[in-house]
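Peer 1: Provided below for reference: sequence and predicted model.
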Amino acid sequence: MIDRVTIVTGNEGKAREYSTLLGVPVATTTVKLIEIQSLDVATVVERKAEDAYAKLRRPVLVDDTGLALPAWNGLPGALVAWFLNTVGVQGLLDMAAGVTDRRAIATTALGYADNHGVRVVTGTLHGTLTTQPHGDGGHGYDSIFTPTGSIHTLAQMPTEQKNTISHRRLAIDALRQALGAPSL
Ligand SMILES: O=P(O)(O)OP(=O)(O)OP(=O)(O)OC[C@H]1O[C@@H](n2cnc3c(O)ncnc32)[C@H](O)[C@@H]1O
């Protein structure tokens with residue numbers, strides 16, 4: 001198991017979340033990484049992790065999160081941040097207004113790189129896209145994503161509840177397993 005790791009993010013909240021869930025101290029850096037064009041977050045993360053280790057030469061964790069709509073053959077996928085930063089959740093809902101297949105798949109990919117190479121794991125949460133935003137918790141697309149089996153969007157759930165079922169949580173569990181750490 002790792003004893004400390006550097007996370008490439010400008011987001012200190014994300015770093016704290018990873019530190020808690022991985023149970024190791026984390027440092028952050030905002031080094032600029034190669035981000036290839038792909039809808040698939042695992043593909044993006046693999047290249048990011050290789051690049052991060054080449055630049056930092058110490059154990060490093062990178063992540064990427066995407067939202068794929070089967071009705072749109074996987075769009076926006078890893079490009080979801082572009083959608084949210086330009087047209088926002090309402091713009092995304094407006095574009096999807098005529099879409100009857102409302103299935104959506106949220107995936108977090110984590111790439112861990114050290115002197116043994118790169119490991120990529122993913123966590124996936126299936127759900128549906130709402131027709132209107134609901135809830136004011138969470139961030140990103142949480143207000144328009146209802147996990148399968150729930151009547152609430154991720155933004156309507158207490159943070160602790162989201163964190164027990166989220167795609168990020170599942171990805172972290174998979175990483176702990178890949179690194180030989182006990183499950184949380
Ligand atoms: O600075 P970095 O670490 O790159 O952070 P980021 O927020 O730009 O990059 P992410 O890959 O974590 O997220 C991509 C997009 O998905 C959104 N997102 C990430 N995790 C989410 C979650 O758990 N629920 C809803 N939206 C999420 C987020 O708001 C971004 O628009």
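Peer 2: Yep, that arrived.
Peer 1: give me the neighbour count for the residue in the chain positioned nearest to the ligand.
Peer 2: As assessed by CB to the nearest ligand atom, the ligand sits closest to Gly140 within the chain, at 2.1 Å. Heads up, the C-betas are built off the backbone N, CA and C, glycines and all. A count of neighbours around Gly140, defined by other CB atoms under 10 Å, yields 16.
Peer 1: list the contacts of it.
Peer 2: Neighbouring residues of Gly140 by CB atoms under 8 Å, 6 or more residues apart in numbering: Thr65, Val80, Leu84.
Peer 1: what helices and strands are in contact with the lowest-mean-pLDDT helix or strand in the chain?
Peer 2: None of the helices or strands of the chain scores lower by mean pLDDT, DSSP states H and E than helix 12-22, at a mean of 82. Contacts defined by 3 or more CB pairs under 8 Å, 6 or more residues apart in numbering; DSSP states H and E place helix 12-22 against strand 5-8, strand 26-29, helix 167-178.
Peer 1: any idea how far it is from the chain center?
Peer 2: With CA atoms, centre = their mean, to the nearest Å as the basis, helix 12-22 stands 13 Å off its chain's centre.
Peer 1: tilt between that helix and helix 167-178?
Peer 2: Orientation of helix 12-22 against helix 167-178 (axes from the mean of the first three to the mean of the last three CA atoms, to 10 degrees) gives an angle of 40 degrees.
Peer 1: flag every buried residue along helix 12-22.
Peer 2: Ala15, Glu17, Tyr18, Ser19, Leu21, Leu22 (16 or more other CB atoms under 10 Å).
Peer 1: re the thing from before, what about the contacts of Gly140, which are in helices?
Peer 2: Val80, Leu84 (DSSP state H).
Peer 1: how about the residues of this structure that lie near the ligand?
Peer 2: Proximity of the chain to the ligand (CB under 6 Å from any ligand atom) is limited to residues 9-11, 14, 63-65, 80-81, 84, 138-142, 154, 166, 168.
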